[in-house]
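Asker: here you go, sequence then predicted model.
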2 protein chains.
Amino acid sequence: MQLAIGLYDGFTALDVIGPYQVFANHPGVDVVFCADRTGPIHDDVDHLRVQVDATFADVPAPDILLVGGGMITRRLAEERAPIVGWIEAAHPATTWTTSVCTGALLLGAAGLLDGEPATTHWCAYDQLAGYGAAVTEQRVVRTGKIVTGAGVSAGIDMALTLVGLMDGTDLAEAIQLGIEYDPQPPYDAGAPSKARPEIKGLVEAVVTQAEAAI
Amino acid sequence: MQLAIGLYDGFTALDVIGPYQVFANHPGVDVVFCADRTGPIHDDVDHLRVQVDATFADVPAPDILLVGGGMITRRLAEERAPIVGWIEAAHPATTWTTSVCTGALLLGAAGLLDGEPATTHWCAYDQLAGYGAAVTEQRVVRTGKIVTGAGVSAGIDMALTLVGLMDGTDLAEAIQLGIEYDPQPPYDAGAPSKARPEIKGLVEAVVTQAEAAI
């Protein structure tokens, strides 16, 4: 199966590299990064650049389509950037169409989530609801062949869930053990319901400021 | 502070991108990827190429030094590849010297772990012990200014631990919430002590085969 990971300038690195690592050693999946052009694509803080060799036109019919998020996704969704058209065209033939974080806004803009349960980064719940999605705070949400994950690091859980659906427990557990995914966060502030109000307010302020600067 | 992430052909992507994402939005840290040459550096499955603009010589004195792992690290350690010399030269002046996964073998080869507690990917415990380290199965191990993390995904926990040590709880929790790191693995097989024996054997066989092929 072909897994195509759609990138754009301003992507958040872990959103896509988490699922990438889950699938990198999957014996039946070939991964390709693609974008609206070939060449280096930079992430949201511009310290990381990924060399992309395939355009969206080169990968018109992936079996698994994955898009991650970034501060810029709201604008890409509103402007119907090329990645939205790619999702729209490819989705009818995919086996799985997936997103991590605010990548869900791109699925929304492609018209895939109207009336469907879905999730995204907690700072973007309202924006996702604007595309008709029934937003939930679950970490991984499946509706038919669409699987959405919550913010950034949730892509690892989303991808392991997907491997379990595709291939069963044994392979999913082997991959989990291979990447030693036995998380032990030193703090328990990873969800808006768990964080202290002042920490939540701080993150919301930073996100709002960063989005405004785009 | 400058965080320098040392890369080499054959690195495991999530090893470095997990910590990278934790530090990417840290207000006081500037991240730079470096390698023994500039240009694209490919990961262990060769689907991902990161464009690197700095050589080790360009980053001789990082405040935080981080190396990730990969199947090739045993060979790089044995051959004393350029990254080992970089670690050896930079370590005396770092504030923190850190590794994820089998990146610890590179610290070991640089002579940093002799008699020190440390961890690595569970498949490489014996190799790390060969460098005199007191290997533990803890997910994150600190000894003085050296912090080692276990396999692949443990870099996220390692980096959040480090932010807590450097900057205190508030910033660490804000970053955790920003990357929505509230892990909910769909399976509980992420450590050798938790996985079924046949799954553990499967992963060991794959790793042994992959290392032999290098």
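Answerer: The structure has been received and is ready for your questions. Residues are numbered from 1 along each chain as shown, chains lettered A, B, ... in the order given.

Asker: look up how far residue A:99 lies from the closest residue to residue A:132 other than its chain neighbours.
Answerer: Using Cβ to Cβ, 6 or more residues apart in numbering or on different chains and skipping the chain neighbours, the partner closest in space to residue A:132 is residue A:114 (3.6 Å). C-beta here means a position set from N, CA and C on the backbone, and glycine is covered the same way. Using Cβ to Cβ, to the nearest Å, one gets 15 Å for the distance from residue A:114 to residue A:99.

Asker: the two: who's more crowded?
Answerer: Counted by other Cβ atoms under 10 Å in any protein chain shown, residue A:114 and residue A:99 do not tie: residue A:99 has more neighbours, with 34 against 10.

Asker: quick one: the more buried one is in a strand?
Answerer: Yes - if the criterion is DSSP: H, G, I helix; E, B strand; the rest coil, then residue A:99 is within a strand.

Asker: any idea what it is bridged to?
Answerer: Note on residue A:99: beta-bridge partners residue A:67, residue A:148, judged by DSSP bridges.

Asker: ok, now which ones touch it?
Answerer: Contact partners of residue A:99, counting by Cβ atoms under 8 Å, 6 or more residues apart in numbering or on different chains, are A:66, A:67, A:68, A:69, A:106, A:107, A:120, A:147, A:148, A:149.

Asker: hmm, 7 Å instead?
Answerer: Contacts of residue A:99 were listed using Cβ atoms under 7 Å, 6 or more residues apart in numbering or on different chains, and they are A:67, A:106, A:107, A:148, A:149.

Asker: same thing with residue A:159?
Answerer: Shown in contact with residue A:159 (Cβ under 7 Å, 6+ apart): A:18, A:19, A:22, A:23.

Asker: OK, contacts around the most centrally placed residue in chain A?
Answerer: The centroid of chain A falls nearest to residue A:100 when counting by Cα atoms, centre = their mean (2.1 Å). Residues in contact with residue A:100 (Cβ under 7 Å, 6+ apart) are A:15, A:19, A:68, A:69, A:149, A:154, A:155, A:158.

Asker: same deal with residue A:98?
Answerer: Here residue A:98 is in contact with A:64, A:65, A:66, A:147, A:158, A:162 (Cβ under 7 Å, 6+ apart).

Asker: again with residue A:207
Answerer: When contacts are counted by Cβ under 7 Å, 6+ apart, residue A:207 is found next to residue A:123.

Asker: kindly report the same for residue A:37.
Answerer: Taking Cβ under 7 Å, 6+ apart as the test, what residue A:37 contacts is residue A:55.

Asker: work out for me the element it sits within.
Answerer: Under the criterion of DSSP states H and E, residue A:37 resides outside all helices and strands.

Asker: and the helix or strand bottoming out on mean pLDDT in chain A, what's buried?
Answerer: None of the helices or strands of chain A scores lower by mean pLDDT, DSSP states H and E than helix A:197-212, at a mean of 92. Residues of helix A:197-212 classed as buried by neighbour count (16 or more other Cβ atoms under 10 Å in any protein chain shown): A:199, A:200, A:202, A:203, A:207, A:211.

Asker: which residue sits closest to the second one, ignoring its sequence neighbours?
Answerer: When you say that, I think you mean residue A:200. For residue A:200, the closest residue by Cβ to Cβ, 6+ apart turns out to be residue A:192, at 5.6 Å.

Asker: farthest-apart pair in the contacts of residue A:98, please.
Answerer: Pairwise distances among the contacts of residue A:98 were taken by Cβ to Cβ; the largest, 13.0 Å, belongs to A:65 and A:158.

Asker: surely residue A:87 touches residue A:108?
Answerer: No - in this structure, residue A:87 sits apart from residue A:108 without contact. The criterion is Cβ atoms under 7 Å, and the distance is 9.9 Å.
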